[in-house]
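*Asks:* Kindly generate the corresponding structure for this input.
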Amino acid sequence: MLKLPRQHSRLRTASRTSAFPLIVTLIIIRLLGQNAYAQKARQVVSPAGNHSEPATAPGIIPPAIVVGFVGGFVKHDSLIRSEIQLAASLRKAYPTGVDVETFENSRGEKALAKILSLLDTNHDGTLTPAEKKNARIILYGHSWGGSEAVAVARSLGKQGIPVLLTIQVDSVAKFHQNDTVIPANVAQAINFYQSHGMIHGQPAIRAADPTRTKILGNFHFDYKTSSYDCKAYPWFDRFFVEAHTQIECDPKVWKQAEALIRANLLPGSSSASTP
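*Replies:* Residues are numbered from 1 along each chain as shown. Below you'll find the predicted structure:
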């Protein structure tokens, strides 16, 4: 009878000894958990001691995008054309921060896809509201290219994407296109035209919503008295569509177009005065 308490005592001592590592382990886990929680709390608390959301990386601003469309059946890299020369001048002036592209007027869908890819800064295949809001797009073109510029602007508008400026030079409407009405997502639009010859440009453009789009003007050029020979251009252009070709190679027209584009590419600019 007297030995029983000693046996119970040894059992209790053995029980305490076997439980000791488990207790130590639980204490260590608890301390580690508290430390992790403290680190997380320090990330959330700002240096001033105010609670705030964890900092996130600022959104990447896409480049300004300038897209030009050539007229007729001209290739997008035909260096004799003023549209291509304007693009080259802009690339030289803006080596970074501005993406300048030229396309045939039949490649409107390709141009649209390029614009959307440039705006998709996180490369997830879907444009966020912020990516659309950050868009800075300028579209210009001659002849059918002017019509295509308006068509691409309209396609962008259907997706809620703003356009800074459209420039039409002797714009000729393509089949099933309307180059006279500028969609409401365009902030500014300007039209240069001449009225002679077998092919001549749209004499007037107007805004679908005048409260959202400013028409900078419809500017008429007459080459009866002051013409350009456009020697570098193909002979059939100079012979069959002389006036339509002359406005395309008129340096005054493209200097004004370039001045408007540059004004809209200035940081923070949202409008430009009429040239």
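*Asks:* low pLDDT regions in the chain?
*Replies:* For the chain, the stretches with pLDDT under 70 are 1-59, 227, 267-275.
*Asks:* how does it look with 80?
*Replies:* The chain contains residues with pLDDT under 80 at 1-59, 225-229, 266-275.
*Asks:* Residue ranges of each domain in it, please.
*Replies:* Using automatic domain parsing, the domain ranges for the chain come out as 1-49, 64-265.
*Asks:* Export these to a markdown table and append columns for mean neighbour count.
*Replies:* The C-beta positions use only the backbone N, C-alpha and C, and glycine is treated the same way. Shown next, in a markdown table, are those (neighbours: other Cβ atoms under 10 Å):
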| stretch | mean neighbour count |
| --- | --- |
| domain 1-49 | 9 |
| domain 64-265 | 19 |
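*Asks:* List the contacts of the nearest residue to Arg136 once chain neighbours are set aside.
*Replies:* Excluding the flanking residues, the one nearest Arg136 by Cβ to Cβ, 6 or more residues apart in numbering is Ala64, at 4.2 Å. Residues near Ala64 by Cβ atoms under 8 Å, 6 or more residues apart in numbering: 94, 97-99, 136-138, 265.
*Asks:* Show only the entries of the residues you listed found in strands.
*Replies:* Among the contacts of Ala64, the members falling in strands (DSSP state E) are 98-99, 137-138.
*Asks:* The stretch 151-275 of the chain: strands as residue ranges?
*Replies:* 163-169, 181-182, 186-193, 206-207, 214-220 (DSSP state E, counting those that start in this stretch).
*Asks:* the helices in the stretch 151-275 of the chain, which residues?
*Replies:* 235-240, 242-249, 251-265 (DSSP state H, counting those that start in this stretch).
*Asks:* so which of those helices gets nearest Gln194?
*Replies:* Gln194 lies closest, by Cβ to Cβ, to one member of the helices of the stretch 151-275 of the chain: helix 242-249, at 4.8 Å.
*Asks:* and the closest one, what other elements does it pack with?
*Replies:* When contacts are defined as 3 or more Cβ pairs under 8 Å, 6 or more residues apart in numbering; DSSP states H and E, helix 242-249 sits against helix 82-93, helix 235-240.
*Asks:* how about 10 Å then?
*Replies:* helix 82-93, strand 137-142, strand 163-169, strand 186-193, helix 235-240, helix 251-265 (3 or more Cβ pairs under 10 Å, 6 or more residues apart in numbering; DSSP states H and E).
*Asks:* so Arg154 touches Ile182, yeah?
*Replies:* Yes - if you go by Cβ atoms under 10 Å, Arg154 and Ile182 touch, sitting 8.8 Å apart.
*Asks:* Name all residues that sit in contact with these two at the same time.
*Replies:* Common neighbours of Arg154 and Ile182, using Cβ atoms under 10 Å, 6 or more residues apart in numbering, are 163, 166, 208.
*Asks:* hmm, back to that, of all the helices and strands packed on helix 242-249, which lies closest to Thr225?
*Replies:* Among the helices and strands packed on helix 242-249, helix 251-265 sits nearest to Thr225 (Cβ to Cβ), with 13.7 Å.
*Asks:* Would you mind putting the CA coordinates of the closest one into CSV?
*Replies:* These are the backbone C-alpha positions of helix 251-265, laid out as CSV (Å, rounded to 0.1, in the frame of the first residue of the first chain):
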residue,chain,number,x,y,z
PRO,A,251,4.4,71.4,-97.3
LYS,A,252,2.1,74.1,-95.8
VAL,A,253,-0.6,71.6,-95.1
TRP,A,254,1.6,69.1,-93.4
LYS,A,255,3.5,71.8,-91.4
GLN,A,256,0.2,72.8,-89.9
ALA,A,257,-0.8,69.2,-89.3
GLU,A,258,2.6,68.6,-87.5
ALA,A,259,2.2,71.8,-85.5
LEU,A,260,-1.2,70.6,-84.2
ILE,A,261,0.2,67.1,-83.4
ARG,A,262,3.1,68.5,-81.5
ALA,A,263,0.9,70.8,-79.5
ASN,A,264,-1.2,67.9,-78.4
LEU,A,265,1.8,65.9,-77.5
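*Asks:* relative to helix 242-249, how tilted is that helix?
*Replies:* 40 degrees (axes from the mean of the first three to the mean of the last three Cα atoms, to 10 degrees).
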